[in-house]
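Q: Have a look at this prediction, sequence included:
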Amino acid sequence: MRKLLFIAVLIPILGGLGWWYFREQPLPDYGPLYREYAYVTNGKSNTVSVIDLRTFALAKTISVGSEPTGLAANSKKNEIYVVNTGSSNVSVIDAESNTVVATIGVHGRPYFMDVADDGKRAYVANSGSANVSVIDLEKRLVIGNIRVGAAPGLARVSPDGSTIVVSNRGDNTVSLIDAQLLRVRATLPVCQQPEDIAILPDSSKAFVACSGSSQVASIQLKAAIPNDSQKDAPKATQKEDRVLALLDVGRTPVSLTLKPDGGELMVCDFDSDSISIIETYTDEVGSSQEIGQHPSRGVVTLDNSRLYVTNFGSNSVAVYDIDMGRRIATMTVGSQPDGLALTPDQNYLLVLDTQSGDVTVIQKRKARKLEPSEYSLLTLIPVGVQPNAIVVKAFTVKAGKK
């Protein structure tokens, strides 16, 4: 009888200890006015899914234009911008109310959009009309359409706001636009089918992935000349825009991921099942590593230590330790993963599963003796049909506004 009583008492205690040991990390509480959302474009549903990252639940589904593809968040105001390829316009979402507050018409078949660091302008490459639309985000209107090369896929603005780099897939060139004068200052022939773009934090170089020739172009950017309000700024040393090198990487480089410190560039080589690592200041391909079947996108943690890569062909995410120079984990996710994003605290990885129409949430935690893995699947969140882009926005609502 005494033994049975002992077992009856011991089982709940062990169960409680087990729950405490294996429990998920609690989400931080920043107060009732704090908001943290992930926005996901659903290309075949004509909607944007809003995920509340405090609860990891679908908060809202917002109707936008036709065939939404690109997404961008404004770092200076609580707005999200949705590029609608089918209807050739941009939907403006107020992040505090999660409603569409404006629709801005652009030109033919836009796919992506980039917002300047000061939050005042945005740039949209229109692939069907061979131009770039410049949007004044304060007035919510197009202030110029700049002619570029054929079939521009992406327009990326430099961190200093002086240059817009445009990859023209149709004629294998890159257009460099002066952001102040709103005109093309140089058109440079590069490699075949240029697409993704990365620009160094000091705005001195741009890198362009060319999927058709298995190369990455390194481009020197002409330095901006400081104006009268920037008297203490360093003098411009780069006096011209020019191609510095064409770097051979793996087959079909589809995306570029720059470390936050700018020292290395990670290239997803889709048809080589590998990543190439470029030393950005020396223009050298440092190494190539097998990562998974058809790697498509990557994201690097803010401390420059880890690279996460979606493997489109093997329904997985690879974890690459940058300092160790090797893959340390592979995690199964949904079907045909592509886009991905990290939460601001870097503890949760959000993965878009394009075929299964959901978002896989992976939690990073401290490894323990009975639980040696750093990573675990937290949940799956259903979204719309063919999710294709994701951005995260965290902010505090103004007092008195809910």
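A: Nice, thanks for sending it over.
Q: Give the helix, strand or coil label for D323.
A: What DSSP: H, G, I helix; E, B strand; the rest coil gives for D323 is coil.
Q: Now that it has come up, it's in contact with S305, right?
A: Yes. Using Cβ atoms under 8 Å, D323 is in contact with S305, at 6.1 Å. Yep, even glycine has a C-beta here, placed from its N, CA and C like the rest.
Q: who's more crowded, those two?
A: S305 (14 against 8; other Cβ atoms under 10 Å).
Q: ok, now which ones touch that one?
A: D321, I322, D323 (Cβ atoms under 8 Å, 6 or more residues apart in numbering).
Q: where's it relative to L53, distance?
A: Applying Cβ to Cβ, to the nearest Å, the value for S305 to L53 is 22 Å.
Q: Same check on A102?
A: 25 Å.
Q: Next: T360.
A: Taken as Cβ to Cβ, the span from T360 to L53 is 14 Å.
Q: Likewise for S66?
A: Taken as Cβ to Cβ, the span from S66 to L53 is 28 Å.
Q: same deal with I135?
A: From I135 to L53 the distance is 27 Å (Cβ to Cβ).
Q: got it, and K44?
A: 24 Å.
Q: Check I104 too.
A: According to Cβ to Cβ, I104 and L53 sit 27 Å apart.
Q: which one of the two has more residues nearby?
A: L53 (22 against 19).
Q: hang on, the more buried one packs against D345?
A: No. At 9.5 Å, L53 and D345 do not qualify as touching, with contact defined as Cβ under 8 Å.
Q: what bridges to P110?
A: N126 (DSSP bridges).
Q: so where's the stretch 251-400 of the chain shaky on pLDDT?
A: Residue ranges of the stretch 251-400 of the chain with pLDDT under 70: 368-372, 399-400.
Q: can you pull out the strands in it?
A: Assigned by DSSP state E, counting those that start in this stretch, the stretch 251-400 of the chain shows strands spanning 253-258, 264-269, 274-279, 284-290, 295-300, 306-311, 316-321, 326-332, 337-342, 348-353, 358-364, 375-382, 387-396.
Q: pretty sure A155 contacts Y123?
A: Yes. At 4.3 Å, A155 counts as touching Y123 under the criterion of Cβ under 8 Å.
Q: Determine the residues that are contacts of both of the two.
A: Common neighbours of A155 and Y123, counting by Cβ under 8 Å, 6+ apart, are M113, D114, V132, I164.
Q: That concludes my questions; thank you for your assistance.
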